[in-house]
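1. Turn this into a structure:
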Amino acid sequence: MGIISFIVIMIVASKSGIRKREQAQANQANEVIPGRPTRAPLHWLTSNEREALLHRRLRDAMAALRTVIPFDNGMGLNLRADLEQSALAVDDHIVALYGVAPALRGNLLMTALHAVQAIEAGVAQYSEAVTQGNVAQLDQVRKQLAMVAEIQRSFGPY
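-> Numbering: from 1, shown residues only. So this is what the prediction gives:
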């Protein structure tokens, strides 16, 4: 009887461990920036809700940003950090909007969309700057970051 109990306990413990590992992997896949937990719900990994789509666009933009890190000789380090911080802040805003009544979200989501688009454009310009060695392109990144900051000021209490 003791061996059967031991085997049952081991199976349950194994399943629990697998479940925890899967949960941790899902949480990591949902992060906008690796190692920085997000408040975004896990179901946003596959959801077609507008907030989820915006969240994943930010996550994907930050993944693209990380792919050009090996090409960066340090000329855009601060801008890369600013893009990451802006993405985190916009993502937090999107998560907060998810709690707003659907009838009130329309214009708020449109504003968030503009912020996401500006971050995506900033990432594209940053990538071009560091891979082509085009320092002048970094000014365009700064302009996109200024646009994101302006949009963030309009976010209001959400």
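2. For the rest of this, base every contact and every neighbour count on C-alpha atoms.
-> Will do.
3. got a list of what the most centrally placed residue in the chain touches?
-> Among the residues of the chain, the one closest to the centroid is Val32, at 2.3 Å (C-alpha atoms, centre = their mean). The contact partners of Val32, taken as C-alpha atoms under 8 Å, 6 or more residues apart in numbering, are 38, 55-56, 58-60, 62, 87-88, 91.
4. how about 10 Å then?
-> Neighbouring residues of Val32 by C-alpha atoms under 10 Å, 6 or more residues apart in numbering: 38, 40, 55-63, 84, 87-88, 91.
5. Pick out whichever of those sits closest to Val148.
-> Ala87 (9.2 Å; C-alpha to C-alpha).
6. SS state for the closest one?
-> Three-state assignment for Ala87 (DSSP: H, G, I helix; E, B strand; the rest coil): helix.
7. how many other residues sit next to it?
-> Using other C-alpha atoms under 10 Å, Ala87 is surrounded by 25 other residues.
8. Now do it, the pLDDT please.
-> Looking at Ala87, its pLDDT is 98.
9. I'd like the distance between the nearest residue to it once chain neighbours are set aside and Ala112.
-> Of all residues not flanking Ala87 in the chain, Leu58 sits nearest, at 6.2 Å (C-alpha to C-alpha, 6 or more residues apart in numbering). The spacing between Leu58 and Ala112, counted by C-alpha to C-alpha, to the nearest Å, is 11 Å.
10. One more: Ser86?
-> In terms of C-alpha to C-alpha, Ser86 sits 12 Å off from Ala112.
11. what about stretch 131-138, how long is it end to end?
-> Span of stretch 131-138 from end to end, C-alpha to C-alpha: 12 Å.
12. residues in contact with that stretch?
-> 68-73, 75-76, 79, 122, 125-130, 144.
13. These, buried ones only, as a ChimeraX selection?
-> To isolate the buried ones among the contacts of stretch 131-138 in ChimeraX, judged by 16 or more other C-alpha atoms under 10 Å, type:
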select :68,69,72,76,79,122,125,126,127,128,129,130,144
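14. List the buried residues in the helix or strand hosting Leu108.
-> Leu108 is part of helix 102-132, with elements assigned from DSSP states H and E. Buried positions in helix 102-132, judged by neighbour count with 16+ other C-alpha under 10 Å: 108-109, 111-113, 115-130.
15. picking up where we left off before, which residues are in contact with both of Leu58 and Ala112?
-> With C-alpha under 10 Å, 6+ apart, Leu58 and Ala112 have common neighbours 90-91.
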